[in-house]
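Undergrad: Fold the following.
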Amino acid sequence: MYNNLINNNYIKNKFIKLNIYNNQDFLNSKIELKLKNYDKYKCYIEIFQNVGGIETHQLIKQFTDFYLKWLSKQFLNVSLIYKEISEFGYKKTLLYLKDEFSFFLLKNESGVHRIIRKNPLLSSNKIQTSYLNIKIFPELLELNENLNKKDFLIETFKSSGSGGQHVNNTNSAIRITHIPTNIVVNCQFERSQNKNKINAFKILNYKILLKKKLELKNFLNNITLNKKYIKTYYYNNNLIIDHIYNEKYNLYEYFKLNIDFLKL
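TA: Next up, the predicted model:
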């Protein structure tokens, strides 16, 4: 177990801080990791609006940038593979973590995040509440062998946003529509059209399997069962309340990447 867990740099560094250097140390420690189905997998982080107006687009960008920077600071392999841009930020983003046990680490972030603050897009001082959905789902290793090529509409288009001259001026972005279910997936952040296509099919395969695979659907539903909110962010009070672990964080330090909010 120990050798598998330390393939994840975050877990490895946690173990070092706890003086756990081998399997025997792990067995002798008081840490008991209750791993469940799918916990060993890599994962995706999807961020999108729950309730709120265009101010949520600015929040989605802020939270996306935060996860990218914080996870990178922990030496985890995270990348932004899709963003839907608006005038005020992002309408939706999708991040990918390619470290083993990423789903185990991030799954308790999955759910509704409540943000209470003054709307920066308005001149008034009115306090406003916005809600973001942050959805964590595992990258499934199994392939759906029953997918029929005739069921897909594959389109190419020019990528938007950062990525360099090559990305912006060639049709490297991919949009795939699964016609029977009307599931649409976009990928645009690789320079290679083929890599974007591979990533798009990975995500599409997951979404199709999720519709069909009751075990996985129930497992993901149980993660957020009886969880009204994951965290509440009180900007005026410089406070974050973590409702899962019943802990409080300094909001400024949190977004400055100085707080370790994940748990083993």
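
Undergrad: What ranges in the protein fall below the confidence cut-off?
TA: For the chain, the stretches with pLDDT under 70 are 141-147, 159-170, 225-226.

Undergrad: now the helices for it?
TA: Using DSSP state H, the helices found in the chain span residues 2-5, 9-17, 23-28, 55-73, 102-106, 165-169, 193-212, 214-223, 251-255.

Undergrad: Could you look over those and pick the most buried one?
TA: Using mean count of other C-beta atoms under 10 Å, the stretch among these with the greatest mean number of neighbours is helix 102-106 (a mean of 24). Yep, even glycine has a C-beta here, placed from its N, CA and C like the rest.

Undergrad: packing partners for it?
TA: Using 3 or more C-beta pairs under 8 Å, 6 or more residues apart in numbering; DSSP states H and E as the contact criterion, the secondary-structure elements in contact with helix 102-106 are strand 43-51, strand 127-138.

Undergrad: Take the ones you listed and write them to a markdown table, including mean neighbour count.
TA: Conversion of these to a markdown table gives the following (neighbours: other C-beta atoms under 10 Å):
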| stretch | mean neighbour count |
| --- | --- |
| strand 43-51 | 19 |
| strand 127-138 | 18 |
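
Undergrad: Is it possible to get JSON lines of the ones you listed that adds distance to residue 18?
TA: Shown next, in JSON lines, are the helices and strands packed on helix 102-106 (distance: least, C-beta to C-beta, whole Å):
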{"stretch": "strand 43-51", "distance to residue 18": "24"}
{"stretch": "strand 127-138", "distance to residue 18": "25"}
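
Undergrad: Quick check: which of those is nearest to residue 118?
TA: Nearest to residue 118, of all the helices and strands packed on helix 102-106, is strand 127-138, at 6.2 Å by C-beta to C-beta.

Undergrad: Excluding its own residues, what touches the closest one? List them.
TA: The set of residues that contact strand 127-138 without belonging to it, under C-beta atoms under 8 Å, 6 or more residues apart in numbering, is 38, 41-53, 55-56, 59-60, 63, 103, 106-107, 109-119, 122, 206, 210, 220, 223, 230, 236.

Undergrad: domain ranges for this protein?
TA: Using automatic domain parsing, the domain parsing of the chain gives 1-33, 37-139+230-255, 149-214.

Undergrad: Residue 264 is nearest to which of the ones you listed?
TA: Of all those, domain 1-33 comes closest under C-beta to C-beta, at 5.9 Å.

Undergrad: And the closest one, how far out from the chain middle?
TA: Its chain's C-alpha centre lies 24 Å from the corresponding centre of domain 1-33 when counted by C-alpha atoms, centre = their mean, to the nearest Å.

Undergrad: Same check on stretch 184-200?
TA: Relative to the centre of its chain, stretch 184-200 is centred 17 Å away, using C-alpha atoms, centre = their mean.

Undergrad: May I have it as PDB, with CA atoms only?
TA: Listed in PDB are the C-alpha atoms of stretch 184-200, where the atom choice follows Å, rounded to 0.1, in the frame of the first residue of the first chain:
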ATOM      1  CA  VAL A 184     -20.900  17.400 -25.800                       C
ATOM      2  CA  VAL A 185     -17.200  17.600 -24.800                       C
ATOM      3  CA  ASN A 186     -14.700  20.300 -25.800                       C
ATOM      4  CA  CYS A 187     -10.900  20.100 -25.500                       C
ATOM      5  CA  GLN A 188      -8.500  22.800 -26.700                       C
ATOM      6  CA  PHE A 189      -5.400  23.200 -24.500                       C
ATOM      7  CA  GLU A 190      -3.000  20.800 -26.200                       C
ATOM      8  CA  ARG A 191      -1.100  22.100 -29.200                       C
ATOM      9  CA  SER A 192      -1.800  18.800 -30.900                       C
ATOM     10  CA  GLN A 193      -5.300  18.200 -32.300                       C
ATOM     11  CA  ASN A 194      -4.800  14.500 -31.800                       C
ATOM     12  CA  LYS A 195      -4.000  15.000 -28.000                       C
ATOM     13  CA  ASN A 196      -7.100  17.100 -27.700                       C
ATOM     14  CA  LYS A 197      -9.100  14.400 -29.400                       C
ATOM     15  CA  ILE A 198      -7.800  11.700 -27.000                       C
ATOM     16  CA  ASN A 199      -8.600  13.900 -24.000                       C
ATOM     17  CA  ALA A 200     -12.100  14.600 -25.300                       C
END
